[in-house]
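Asks: no FASTA, just this:
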């Protein structure tokens with residue numbers, strides 16, 4: 001089927017006509033195309049830059065459950081996922097033309113009893129990290145996920161998992177093998193070593209200080225703050241009765257999250273939208289993350305870009321260019337109005353196939 005769509009393309013609100021043939025976008029007219037959308041707003045498919053398709057409450061899940069997670073994302077307009085760690089092999093989903101594209105970071109890399117059970121590859125000795133990173137890089141989709149900090153039950157507080165020299169060797173190994181690296185980091189202590197080792201991205205970043213923000217700018221480090229997941233910090237603290245220092249630290253990080261993340265944005269650190277969907281956050285909530293980004297100073301257009309055209313550029317994926325895969329969303333109302341509009345596209349086109357989202 002040859003299709004034709006017409007509307008205002010964000011962020012420039014430029015009146016645009018696109019044609020879709022053989023699953024790809026054409027900016028040149030195509031004969032005998034059916035007009036399937038005429039008037040309104042059009043976007044490249046949304047991006048969830050921190051998502052976990054293939055992860056459940058206890059780790060690995062059945063592939064059918066992972067498919068359901070991906071379908072939920074698609075119906076919310078998310079057509080590109082950066083999967084930030086999953087114990088389930090979801091490569092079978094790549095053959096499904098009806099599911100979002102996934103950029104995988106492989107499995108989380110952690111130390112024994114220093115992350116959630118069943119989620120990560122646990123390395124007995126930290127010296128194993130560079131080799132483990134190289135292995136994940138060779139079989140991954142261009143990203144590696146490290147656990148940068150977690151509760152240390154001996155000290156009763158958040159603490160880094162890796163020494164600085166091991167981090168540098170591991171991140172160098174990833175880069176040599178053509179992969180970028182990101183890391184889970186809640187606390188202040190883990191950030192200097194990660195950033196100084198030339199890590200490409202930080203997830204969460206609640207422990208950012210003026211010094212580490214400056215370090216991120218120096219090294220070109222990106223940030224995916226997962227704002228809606230940070231709302232779980234008070235509950236995590238309340239459940240940590242055996243570790244009062246950790247609980248107090250989590251409450252303090254929560255109290256300072258918005259000004260610290262706003263400071264990073266104001267300084268010029270590139271921020272992208274990610275929900276951390278998979279365990280404590282339900283899938284399909286990228287619109288809520290976009291709304292939360294407005295709360296740290298982003299304009300509606302900037303916040304949407306962090307989950308759309310800017311995120312695609314960062315991940316090396318096309319938007320609505322001639323010849324690109326036809327992965328786009330159509331809205332009768334301006335999707336910058338808020339989650340009620342953004343989460344309910346009137347039409348989803350994925351790989352040139354139309355989907356009417358489930359309501």
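Replies: Looks like it came in fine. Predicted, not measured: the structure shown is a model, and the values here were computed from it.
Asks: Report the residue spans of this structure with pLDDT below the cut-off.
Replies: Counting by pLDDT under 70, the chain has low-confidence residues at 357-359.
Asks: domain assignment for it?
Replies: Using the TED database, the domains assigned to the chain come out as 2-43+318-355, 45-315.
Asks: Kindly check the end-to-end length of the last one for me.
Replies: Pointing back at domain 45-315 there. 13 Å (C-alpha to C-alpha, to the nearest Å).
Asks: Distance of residue 3 relative to residue 183?
Replies: 41 Å (C-beta to C-beta, to the nearest Å). For every residue, glycine as well, the C-beta is placed using N, CA and C.
Asks: if we can go back for a sec, tell me which of the domains of the chain is the most buried.
Replies: Across the domains of the chain, averaging neighbours per residue (mean count of other C-beta atoms under 10 Å) puts domain 45-315 on top, at a mean of 20.
Asks: Check the offset of that one from the chain's centre.
Replies: For domain 45-315, the separation from the chain centroid amounts to 7 Å (computed by C-alpha atoms, centre = their mean, to the nearest Å).
Asks: Can you give me every residue that contacts residue 27?
Replies: 18-19, 321-322 (C-beta atoms under 8 Å, 6 or more residues apart in numbering).
Asks: For residue 171, state which of those residues is nearest.
Replies: residue 321 (31.5 Å; C-beta to C-beta).
Asks: OK, contacts around the closest one?
Replies: Contact analysis of residue 321 by C-beta under 8 Å, 6+ apart lists 25, 27.
Asks: That one in helix, strand or coil?
Replies: Following DSSP: H, G, I helix; E, B strand; the rest coil, the label given to residue 321 is coil.
Asks: ok, now residue 236?
Replies: helix.
Asks: Check which helix or strand the spatially closest residue to it that is not a sequence neighbour maps to.
Replies: In this structure, residue 236 finds its nearest non-sequential neighbour in residue 250, 5.6 Å apart by C-beta to C-beta, 6 or more residues apart in numbering. Residue 250 belongs to helix 244-255 when assigned by DSSP states H and E.
Asks: what packs against that helix?
Replies: The contact analysis (3 or more C-beta pairs under 8 Å, 6 or more residues apart in numbering; DSSP states H and E) places helix 244-255 against strand 157-160, helix 233-238.
Asks: Could I get those in JSON lines, plus columns for distance to residue 255?
Replies: Putting the helices and strands packed on helix 244-255 into JSON lines (distance: least, C-beta to C-beta, whole Å) gives the following:
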{"stretch": "strand 157-160", "distance to residue 255": "15"}
{"stretch": "helix 233-238", "distance to residue 255": "9"}
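Asks: Let me know the angle separating the helix or strand following the helix holding residue 250 from helix 244-255.
Replies: Using DSSP H and E, the helix or strand that follows helix 244-255 in sequence is helix 257-267. Using axes from the mean of the first three to the mean of the last three C-alpha atoms, to 10 degrees, the direction of helix 257-267 lies 50 degrees away from that of helix 244-255.
Asks: I figured residue 293 hits residue 300, correct?
Replies: No. Using C-beta atoms under 8 Å, residue 293 and residue 300 do not qualify as a contacting pair, with a distance of 9.4 Å.
Asks: Next up, the contacts around residue 218.
Replies: Residue 218 neighbours (C-beta under 8 Å, 6+ apart): none.
Asks: tell me the SS of it?
Replies: Once three-state DSSP is applied, residue 218 turns out helix.
Asks: related to what we said a few turns ago, mind listing what the residue nearest to residue 236 touches?
Replies: 158, 186, 233-234, 236-237, 240.
Asks: And the furthest pair within the residues you listed?
Replies: For those, the maximum inter-member distance is 15.7 Å, found between 158 and 234 (C-beta to C-beta).
Asks: where along the chain do the helices fall?
Replies: Taking DSSP state H, the helices of the chain run over residues 63-75, 129-139, 164-176, 191-196, 210-219, 227-230, 233-238, 244-255, 257-267, 286-294, 300-305, 309-315, 339-342.
Asks: Now distance to residue 42 too, for these, in a markdown table please.
Replies: Output for those, formatted as a markdown table (distance: least, C-beta to C-beta, whole Å):
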| stretch | distance to residue 42 |
| --- | --- |
| helix 63-75 | 17 |
| helix 129-139 | 36 |
| helix 164-176 | 36 |
| helix 191-196 | 37 |
| helix 210-219 | 33 |
| helix 227-230 | 26 |
| helix 233-238 | 37 |
| helix 244-255 | 37 |
| helix 257-267 | 27 |
| helix 286-294 | 17 |
| helix 300-305 | 13 |
| helix 309-315 | 12 |
| helix 339-342 | 13 |
